[in-house]
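Asks: got a predicted model here, sequence first, then my questions.
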Amino acid sequence: PAVLTSRDAPALQLQKAGHGELVNTAQGEWFLAHLASRPLITPQGPRCPLGRETCLQNVTWTEDGWLRLEGGGLHPQAEIN
């Protein structure tokens, strides 16, 4: 199963979410660094003038060893704590 996607939610601020890499901090926190873009609606259709951005998501491990987004679900959050 997917850990992160925006494919099924075109209204999300962060689109094209994917290509992630896990990061474990010295404090034991886990993050998923991934690519995404923020489309703007233009007369020519949706465009991403900033291109792909690097984003972070808080992640956690379940008791049975599966990686999950900390807030639940599969969608990227525009802001993390």
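Replies: Sure, I can see it.
Asks: and residue 46, what does it touch?
Replies: 39-40 (CB atoms under 8 Å, 6 or more residues apart in numbering). All C-beta atoms are positioned from the backbone trio N, CA, C, and that covers glycine.
Asks: tell me the pLDDT of residue 64.
Replies: Confidence at residue 64, expressed as pLDDT, is 95.
Asks: got it, and residue 30?
Replies: For residue 30, pLDDT reads 97.
Asks: and the strands in the chain?
Replies: 15-24, 30-37, 40-42, 45-47, 53-61, 67-69 (DSSP state E).
Asks: residue 35 bridge partners, please.
Replies: Here residue 35 shows beta-bridge partners residue 18, residue 54, assigned using DSSP bridges.
Asks: isn't it right up against residue 14?
Replies: No - with contact defined as CB atoms under 8 Å, residue 35 does not count as touching residue 14 (9.7 Å).
Asks: so the two - more neighbours on which side?
Replies: residue 14 (21 against 16; other CB atoms under 10 Å).
Asks: and residue 43, how many neighbours?
Replies: Neighbours of residue 43 (other CB under 10 Å): 5.
Asks: actually residue 69, not the one I typed
Replies: By other CB under 10 Å, the residues close to residue 69 number 18.
Asks: thanks a lot, catch you later.
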